[in-house]
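**Student:** Only the shape, not the letters, is given here:
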Ligand SMILES: Nc1ncnc2c1ncn2[C@@H]1O[C@H](COP(=O)(O)OS(=O)(=O)O)[C@@H](OP(=O)(O)O)[C@H]1O
């Protein structure tokens, strides 16, 4: 290693040891030197459940996620047959993974069979995240052995995806959810994840960060607008979905997803009730009750049981004060008004 590089690395390590040794679930010592050096150059803010969130390529992200994303950018080569499920965290990712897996694999795994993979595996094991699983912990997976079409997932905003993905013909299904419920789902989830020694995540303080855009993979409005614009320009590339719409009419959107993925339901399948059977297999009530979803961790640090909470539209009314509702309504209007993105916020 040239002297200058080793000096830089020593300085970087020293900086992190002195300034960022932290008690909040962020183990900086484990990161690659490349990532540590990058972190030094990035704006940072106090995180929700880690010491810091860093602004990387225009979005806020934890240090370990950045390390995995860098590796993903370097190593992942999309194929035209790949399908990427993209989402704002806590907006129905687990559900979309289950639905997409069931649709794509319905010839291989009969929906009514007693040993359907979704009965024994959490959806996050069947449709892996790039940043939490495939490229996490310095792994570089061999994806060639996975059967086609390969299903992957990410929370990375569209603008920050590598050009190879943007230019390829691989398809992206995006899901987001009204910001009120997304915030409450994120806040309750993050509070469950924080270490016992970390202070509680106060609602007011966390709400302020959310409205400033400082939330994992946020700001949420940029996240939504990025995929929304692409879905308008390239409807064959990006299918834009909203959690509330799926809740209101799952079978309609199941058909839409199947058509988008090039495997529409046949008349015969529709007559046999395959669409309704998938909706039922992937329903919140069914999935929450499965043993595999009541225990264990499919993603490091995330207990499966915490992925299934209430699944309601409008649960935010139980938490947000009138002034918070006013603030978030104004913010949503300011950022998304006129874009065409509109949400149902009450049942
Ligand atoms: N099958 C199914 N159907 C409908 N809704 C479901 C389903 N599975 C999970 N959920 C609800 O989705 C919320 C979690 O969001 P994500 O799956 O995006 O979380 S994550 O980003 O993958 O961690 C979280 O919402 P809240 O209950 O409001 O917190 C889950 O309860």
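**Tutor:** That came through fine. Keep in mind that what you see is a predicted model, and the values were worked out from it rather than measured.

**Student:** I'd like to know which elements the helix or strand where residue 97 lies is packed against.
**Tutor:** If you go by DSSP states H and E, residue 97 is part of helix 93-104. In terms of contacts (3 or more Cβ pairs under 8 Å, 6 or more residues apart in numbering; DSSP states H and E), helix 93-104 is packed against strand 83-87, helix 117-120, helix 123-126, strand 151-154, strand 171-176, helix 250-260, helix 274-281, helix 284-288. Any C-beta I mention is one placed from the backbone N, CA and C, and that applies to glycine too.

**Student:** ok, now with 7 Å
**Tutor:** Using 3 or more Cβ pairs under 7 Å, 6 or more residues apart in numbering; DSSP states H and E as the contact test, the elements touching helix 93-104 are strand 83-87, helix 117-120, helix 123-126, strand 151-154, strand 171-176, helix 250-260, helix 274-281.

**Student:** tell me the angle of that helix relative to strand 83-87?
**Tutor:** 160 degrees (axes from the mean of the first three to the mean of the last three Cα atoms, to 10 degrees).

**Student:** For residue 325, give me the pLDDT.
**Tutor:** At residue 325, the predicted lDDT confidence score is 98.

**Student:** ok so it is a strand residue?
**Tutor:** No. Remark: residue 325 does not belong to a strand; assigned using DSSP: H, G, I helix; E, B strand; the rest coil, it is helix.

**Student:** Could you find the closest non-adjacent residue to it?
**Tutor:** On the basis of Cβ to Cβ, 6 or more residues apart in numbering, the spatially nearest residue to residue 325 that is not a chain neighbour turns out to be residue 180, at 7.5 Å.

**Student:** The one you found and residue 315 touch, don't they?
**Tutor:** No. Counting by Cβ atoms under 7 Å, residue 315 is not a contact partner of residue 180; they are 8.6 Å apart.

**Student:** out of these two, which sits in the busier spot?
**Tutor:** Shown here are residue 180 and residue 315; by other Cβ atoms under 10 Å, residue 180 has more neighbours (23 against 16).

**Student:** got a list of what that one touches?
**Tutor:** Shown here is residue 180, whose contacts under the criterion Cβ atoms under 7 Å, 6 or more residues apart in numbering are 316, 320, 328, 345.

**Student:** change it to 8 Å
**Tutor:** Residue 180 makes contact with 314, 316, 320, 325, 328, 345, according to Cβ atoms under 8 Å, 6 or more residues apart in numbering.

**Student:** just to revisit the earlier point, okay, and the residue nearest to residue 325 sits in which element?
**Tutor:** Applying DSSP H and E as the criterion places residue 180 in helix 179-193.

**Student:** That helix versus strand 171-176: what angle between them?
**Tutor:** 90 degrees.

**Student:** so after helix 179-193, what's the next helix or strand?
**Tutor:** The C-terminal neighbour of helix 179-193 among helices and strands, as given by DSSP H and E, is helix 203-211.

**Student:** Distance from the chain centre to that next one, please.
**Tutor:** Put simply, helix 203-211 sits 20 Å off its chain's centre (Cα atoms, centre = their mean, to the nearest Å).

**Student:** contact partners of that helix?
**Tutor:** Taking Cβ under 8 Å, 6+ apart as the rule, helix 203-211 contacts 45-46, 48, 179, 183, 186-187, 190, 215, 218, 220, 319-320, 324, 327-328, 331.
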